[in-house]
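Colleague: sequence unknown, structure follows:
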C-alpha cells in the first residue's frame, strides 16, 4: 500500500511538477566556474549560467546570498524564495547540461512579489541563453 501523499504513477500519467528534482551545486569550484561565465542582473537577483559541456544532461543550480542581504534569517528567507522560484521556472526555461547560480539581492529578493521574482528569473535566463548562441 502506498502512502496517500505518493504521486499516482499509472500508465500515461506524469508525477506532479513539484517532484522534479534539480541537482544542487555544492562545491566551491562549481560556483567559481559559474562566476566566470555569463551573467544577467535582474531587479530581484543576479543569475549566472554556463554550459558545462561534460555530456551530462542534468540541470544544476546553486544559491547564494552574501551578508549584505542581512542577517541569517534574511539570507535564509531569500534563499528559500530563490529555491522555490528555481523549482518553478528552471524545468521549463533552463537548458539541460547547464549550471546556474542565483544570487540574492538586499531587500529585493525577500520583498519582491513571488510572481515578479519568477518573471525576473525567466527574463534573466532568456538573456543568458540569447548570448550563448
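Modeller: Noted; the coordinates are in hand. Here the structure is a predicted model, which is why all the values come from computation and not from measurement.
Colleague: hey, let's count contacts and neighbours off CA atoms from now on
Modeller: Noted.
Colleague: and residue 59, what does it touch?
Modeller: 22-23, 94-99 (CA atoms under 8 Å, 6 or more residues apart in numbering).
Colleague: please redo it, this time with the cut-off set to 10 Å
Modeller: 21-25, 51-52, 90-91, 94-100 (CA atoms under 10 Å, 6 or more residues apart in numbering).
Colleague: For those residues, which entry has the maximal number of neighbours?
Modeller: For the contacts of residue 59, the largest number of neighbours (other CA atoms under 10 Å) sits with residue 100, at 29 neighbours.
Colleague: Ramachandran angles for the residue nearest in space to the middle of the chain?
Modeller: When CA atoms, centre = their mean is applied to the chain, the residue found nearest the centroid is residue 86 (3.4 Å). In terms of degrees, to the nearest 10, the main-chain angles of residue 86 are phi -60, psi -40.
Colleague: how close does it get to residue 104?
Modeller: 12 Å (CA to CA, to the nearest Å).
Colleague: Where does the prediction get shaky in the chain?
Modeller: 1-21, 132-133 (pLDDT under 70).
Colleague: Now do the helices in it.
Modeller: 28-35, 72-93, 108-111, 114-131 (DSSP state H).
Colleague: Format those helices as JSON lines; extra columns: distance to residue 59.
Modeller: Shown next, in JSON lines, are those (distance: least, CA to CA, whole Å):
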{"stretch": "helix 28-35", "distance to residue 59": "13"}
{"stretch": "helix 72-93", "distance to residue 59": "8"}
{"stretch": "helix 108-111", "distance to residue 59": "22"}
{"stretch": "helix 114-131", "distance to residue 59": "13"}
